[in-house]
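> Coordinates only, no sequence provided:
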C-alpha cells in the first residue's frame, strides 16, 4: 500500500468531522412520523469520489463511530462497518471520475448515481444485514427489509446532496474559459 | 566566503512560475536574510509575497509545483536539494489561519506536535513544552481546547509550536489578520521579544505596515507585481512615495505629516512612532495645517430606525450574560461601527437583532414595529445580515441564481425576480457579469454578490460582520466605497469590526461593546482618543492622536476629524478621473 | 466538547486505566458478547457490566438519557423481530412449544420467548461496557490509544483531527444555517421532500466547500511541522501501562476465550434448554 499523503489524512479527519456534524445535527424530517432522513451519505460519496477509497472508508468508519459514541446508544458495529463499506465502494468506483479536475458532466452524473445506488445496496442490503444476522442472529427478513429501506432513503439523499456537491465543487475549480462582460 | 549559518535565507535572481499559471509569479528576487535580522515584507495582495513565504518554508517546490529559476538557499543549501522536513528545522512558519495551524486537541498537545513527529520521548517533551509555553505566556492554559482560547492566545500557541524546533528563522504570514487591535499590538511586541530572546531571524509578511512598525524592524522589503521594488530601512521607505504606488497604506501619522507639508527625511526617523526627531519647524507646520482645515461636523440623524431597550441574552449552560442590558437607537441613514474585543457581545448583538437568537428580555423595534413578532425570515426583509466570509454564504454556481435565491425561496414570480435581481446587480456593479459563474470572481466581487443577495430582499438596514477582514488597501477601499455608496442610496449600515482605520474613516458613529455592555456611543474620532475606553475595550489609540499631542495640539479629537475630512477630499479627487 | 461526548470526569479505578486499555477491553468484551448466545454467559456479562458502573462511579442519572435511547431502540427492534419472524426461535432451537391453545403464525412459543429474551440479554451484556467506555474515556486520548494498539499513526491522527475540528464544523454549520434561513431556506415539514433536500444542500454546499479549502491549509501546516517525517511518532498524551491495565485486558481476553469455549461446548452459539 502506498503511504497515505498528509492531505488524505486531513481529508479523513475533516470528512469524518463533517459526517459527524451532518449525522448528528442535520436531519431532515421525513414523511414517516418521528423519523429523520440522514444527509451524511451525500457528503461521504463526495469525499470518497474526490479523495479516494481509503479516505472514504475511514471517514465513514470514524464519523459513524463518533455518532454512535456521542448518542451513547451503544456502538452498532454492523452499521458502522456498513458506512465504511459505502465509502470504500464509492471511492473505488468513482476513481473513473475527474471531479477535482473540474469535470462533472451529464454522463458523469449518471455514472455517479448508478454507482452510489449500487454502493448503498451493497452496504445496507448485504453488509449490514449479514453482520446483524451473524452477530445478533436477527431474523433475515427483518434485517433485509430494514436494510432495503435505508438503501433507498440514503440513495435519494445521496442523489440530491451528493450530486449537487460534486457539481458545485467541480464548477468552483477555475478553468480557463471565455468570460465576456455583457451590457 | 561567509559562514552559512549567518545567512539562513538567500534568494539570488530567483524566479518562480506555478505550473497552472501562464505568467511567472516571482521575477528576479534578490533577498538575503541575515541571522538575527528582522524583516518586514509588504505589498498588496497578488504581489507575490505569499509565494515568497511558500518558497522559504519549502511548500514550493514540495507541495506546489512549478518552475524555479535562479537560486534559493536555506541554511546554505539549495532548497530544491533539501526536503520539506529539513527546511522546517531551519524555518518555522506561523500561518495566517491560526485555526488551521492549531491541530492539537489541547494547547500542550499542539505545542508538542513537532516534537511528537520527531519521536522525542515524553518526559523531555513535557519539559520542553512547559519551557516554551512560558516564553509565550500560555503556561496556565496547557489543557485548554482551541475553542476555549482567544485569537491572540491561539496565535501564541502557534508561535510556540514552531519554536520548539529551535529554528533559525521565524516566518509570520499575515500575523495581524484575525486579531483585535490591542492583541495585534501585543503580537508585534511578542515577536520582538522572542527575537531578542532567541536571536532568530524574523520575517513578517503583512500589508498592515503601520501596525508592524510599532516595534523596530531592520528592513522593509516592498513587493509589487512579483518583484521587489524596494529593500531599505523603514525610515527611508516612509519618506518616498513607493508605498502609495504599490498600494500599501502609509501610517496615518505619516500621511498627516505629508498633508501638513512636512518634508520627511530619513534623519527625522519617521518610522519611530514616538516622533522624537521632528523639529519645531515641522510641528509648527502641523499646527498650521490643523488650523487651516475646516471642521466639518458630522450630520445629525434623528429618525430612529432600530430601537433596542434593555436587551438581555445569555447562551444556554453559561451563566454569564453575553448581552447585559443593551439599549441603543440606530437612526435611519447612519453608518455605524460596532467595536470591542472578541466575546464582548458584538456578534451576539447582531444575531439577536436578526432573530438568529432570542433575547431573554428586552424590547426590539424596527421602523416603529415590534420585531419580536417576526421570524428570522421575515426580519431579513427589514434587516440584512452579511457574514464575514463570502464563501460561507454562496451556495449557487451562477451569480444570477445566488442573488435570486432569497426571492425564489419566498415564491416570487420569475418576471419579478428577473427585474429585482437585475436592478440590484446594477446597484452592485455586477450587472455586466450577471451570467458568470461565481468561481470566476475575486474575493471582493464575491463579497458584493453576497451583499447583492441580501439587498435583493430590500432591507432598510445591513449588518456586516468584518466587511474588510484580510483585504489589502485597494480591496478595502473598494468594498468601503461601495458601502458608502449604498448608504447614500438610503441604506442604514452597521459594521462589526476590529479595524480602527475603518472605524475612523468610514463610520459616523462608533458603539463600543465590552463585557456585554455598551461602554461608549459617540463620534469615532472621540472614541479613539479616549484613553479609558481604549483600554477597557482593547482598542488601540491612533497614531494621529500621538502626533497631535507631540505637536502640542490639545484637541486630539478635532485633529483626527480633520485628518479624515482631508483624506475623504483626497479620495474624491482621486476618483474623479476614473 | 465534553458535552458532546458524555465524558464524565471522576476519580475512579476505571478512569485511571489508560485509553488504550479501555478500548481493548471494550472491544474484547463486545466480541465475547457478540460471538455467543449462551444465556448463562450473557447474564453473567450483564451483571458484571452493571457492577462495573459502581467501580467507575457512574450513576444512573448520568446515563439515564442514553439508557432511554437504548431502551427505545430495543423495544422497536423486539417488536419488529416478532412481527417479521414470530417463529425465529423455533427455527433456532429446533423445537416448538406453544404457550397457548392457539397455533397460528403469530402464536407465542416458548422458543420465541426464550430467543427474544436472549436477544435482550445480548444488548444488556454489551451496552453497559460501551456506556462505561463512553463516560470514562477522554476523547483526546483516542488517537494515542489507537496507535498504541497497532493502528498506523497517520490513521490514528486522522481520528484526532476529526475530534479537533468537530466543534469548528458544528459552529460553522450553525452560523451558515442561520444566515441561510434568513434568506428563506427552509427544511421544515411545510416543503416537499425534494425541496427540503435542496434546502439542505444550500446550507451544506458552502459548509463543505469551505472545509475543502481548509484541508489543504491544515495539511500544509502539519507538514511544515514535520508530520509524517518518521515511521513512528510519540504522543504527548500517551500513558504508560500499569499493572491494573494488563489485568483488565487479561480479564477481557479470558472472557472472549470463555465465549469461544462455550460455543464449542454448546455445539454452536446457542445454549439450548429445550433438548
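Great, that's in hand. Bear in mind that the values here come from a model prediction, so they are computed numbers and not experimental data.

> measure the spatially closest residue to residue C:13 that is not a sequence neighbour to residue C:110 for me?
Spatial nearest neighbour of residue C:13, excluding adjacent residues (CB to CB, 6 or more residues apart in numbering or on different chains): residue C:55 at 5.5 Å. C-beta: built from backbone N, CA, C; applies to glycine. Separation of residue C:55 from residue C:110 (CB to CB, to the nearest Å) stands at 37 Å.

> Which one of these two is surrounded by more residues?
When residue C:55 and residue C:110 are compared on other CB atoms under 10 Å in any protein chain shown, the one with more neighbours turns out to be residue C:110, at 17 against 13.

> low-confidence ranges in the stretch 1-150 of chain C?
By pLDDT under 70, the weakly predicted segments of the stretch 1-150 of chain C are C:1-3.

> What segments of it are helices?
Counting by DSSP state H, counting those that start in this stretch, the stretch 1-150 of chain C has helices at residues C:2-5, C:13-16, C:19-35, C:39-55, C:60-84, C:88-93, C:110-136, C:142-148.

> Adding distance to residue A:24, write those out as CSV.
Shown next, in CSV, are these (distance: least, CB to CB, whole Å):
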stretch, distance to residue A:24
helix C:2-5, 8
helix C:13-16, 25
helix C:19-35, 21
helix C:39-55, 25
helix C:60-84, 13
helix C:88-93, 33
helix C:110-136, 14
helix C:142-148, 17
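
> which one of these lies closest to residue B:135?
helix C:142-148 (25.8 Å; CB to CB).

> Give the buried residues for that closest one.
For helix C:142-148, the neighbour count (16 or more other CB atoms under 10 Å in any protein chain shown) marks C:142, C:143, C:144, C:145, C:146, C:147, C:148 as buried.

> can you check stretch A:116-132 too?
A:116-117, A:119-125, A:127-132.

> and if you look at stretch B:454-472?
B:454-457, B:459-468, B:470-472.

> Stretch B:433-441 now?
Residues B:433, B:434, B:436, B:437, B:438, B:439, B:441 are the ones in stretch B:433-441 that count as buried (16+ other CB under 10 Å).

> And stretch B:362-377, by the same measure?
So, applying 16+ other CB under 10 Å, buried residues of stretch B:362-377: B:362, B:364, B:365, B:366, B:371, B:374, B:376, B:377.

> list the contacts for residue C:217?
Residues in contact with residue C:217 (CB atoms under 8 Å, 6 or more residues apart in numbering or on different chains) are B:95, B:97, B:100.

> Among those residues, which one sits closest to chain A?
Lowest distance from chain A to the contacts of residue C:217 (CB to the nearest CB) belongs to residue B:100, with 9.5 Å.

> Can you tell me how far the nearest residue to that closest one once chain neighbours are set aside is from residue B:255?
Leaving aside its sequence neighbours, residue B:100 sits nearest to residue C:217 (CB to CB, 6+ apart; 4.2 Å). Remark: distance between residue C:217 and residue B:255 (CB to CB) = 34 Å.

> does the helix or strand encompassing residue B:50 come close to chain A?
Using DSSP states H and E, residue B:50 sits within helix B:49-57. No: applying CB under 8 Å from any CB of the partner chain, one finds helix B:49-57 separated from chain A by no less than 14.7 Å.

> Next, see if the next helix or strand after that helix gets close to chain C.
Counting by DSSP H and E, the element after helix B:49-57 in chain order, helix or strand, is helix B:59-62. Yes: residues of helix B:59-62 are located near chain C by CB under 8 Å from any CB, namely B:59, B:62.

> which residues are in contact with helix B:59-62?
Applying CB under 8 Å, 6+ apart, the contact partners of helix B:59-62 are B:16, B:51, B:54, B:66, B:68, B:79, B:80, B:83, B:84, C:220, C:223, C:224.

> which residue sits closest to the third one, ignoring its sequence neighbours?
If I follow you right, that is residue B:54. Residue B:54 sits nearest to residue B:60 (CB to CB, 6+ apart), 4.4 Å away.

> For chain C, what's its nearest residue on chain B.
In chain B, no residue comes nearer to chain C than residue B:409, which is 3.0 Å away by CB to the nearest CB.

> and that residue, how many neighbours?
Residue B:409: 20 surrounding residues under other CB under 10 Å.

> show me what contacts it?
Residue B:409 is in contact with C:183, C:184, C:185, C:186, counting by CB under 8 Å, 6+ apart.

> Next, it: phi, psi?
phi -70, psi -20 (degrees, to the nearest 10).

> Model confidence for it, exactly?
Here the pLDDT value assigned to residue B:409 is 89.

> What pLDDT is listed against residue C:199?
Reported pLDDT for residue C:199: 86.

> Right, I'll call it a day here.
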